[in-house]
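J.: Turn this into a structure:
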Amino acid sequence: ALSVSSLMRSLSLSSFRRAIPIQNRVFCRYMVDIPFVDKSKLQIKFARSSGPGGQHVNKTESKVDLRVNVAELDMPPEVRARLYELHGTKINKENELVVTADTSRTRQRNYEDCLEKMANIMVEASTMPKERNMNSKTKGVFNKRRLEEKKVLSRKKESRRMDHDR
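T.: Here you go, the predicted model:
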């Protein structure tokens, strides 16, 4: 995990000019608010990115790995359960939600992408799905439509048949 001062040092000079430190936090070009996550508990790691890119890929650590312990998140139990249901593959054995970004050449853009991804994951987990109201009237409509489609398909297939008994 990196502190804010070490994060500032790790960003390149051009990125440092664009990053604005406010109250011991680093906000890049735009502020990303992540629901349920205290930004001081985020663990940020940098690594060499994979894929094509020639010398640039081999020399710079532009991939960003953002982690937060799910047990330390201040969220309702039903939201936590939905987080496990929707994004269980992104949670490791140490109970950390792991989000990575390596699509951009710059570390700053990848950092912003990670923050956005994390925010989208939390919003998606906190948004409960609508319960469908399947009263008897709608059931009948759906069933009637299904039966009509079956009849149409049956007639179409019947018209294709050739009578071999003649």
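
J.: tell me which strands and helices the longest helix belonging to the chain is in contact with?
T.: Counting by DSSP state H, the longest helix found in the chain is helix 136-160. Under the contact criterion of 3 or more CB pairs under 8 Å, 6 or more residues apart in numbering; DSSP states H and E, helix 136-160 touches no helix or strand at all. Using the backbone N, CA and C atoms, a C-beta is placed for each residue, glycine as well.

J.: Off-centre distance for that helix?
T.: Computed by CA atoms, centre = their mean, to the nearest Å, the separation of helix 136-160 from the middle of its chain amounts to 39 Å.

J.: One more: stretch 117-126?
T.: When C-alpha coordinates are averaged (CA atoms, centre = their mean), stretch 117-126 and its chain have centres 7 Å apart.

J.: quick one: contacts of it?
T.: 32-37, 66, 68, 75, 79-80, 82-83, 86-87, 90, 97, 99, 101 (CB atoms under 8 Å, 6 or more residues apart in numbering).

J.: Can you list the low-confidence ranges for the protein?
T.: The chain contains residues with pLDDT under 70 at 1-31, 134-138, 164-166.

J.: Show me the strands in it, by range?
T.: For the chain, the strands defined by DSSP state E occupy 20-22, 25-27, 43-47, 63-69, 96-101.

J.: Please tell me I have it right and residue 47 contacts residue 63.
T.: Yes. Residue 47 lies in contact with residue 63 (CB atoms under 8 Å); the separation is 4.6 Å.

J.: Could you check which of the two is surrounded by more residues?
T.: Between residue 47 and residue 63, counted using other CB atoms under 10 Å, residue 63 has the larger neighbour count: 21 against 12.

J.: For the more buried one, give me its contacts.
T.: Applying CB under 8 Å, 6+ apart to residue 63 gives the contacts 46-50, 100-102, 110.
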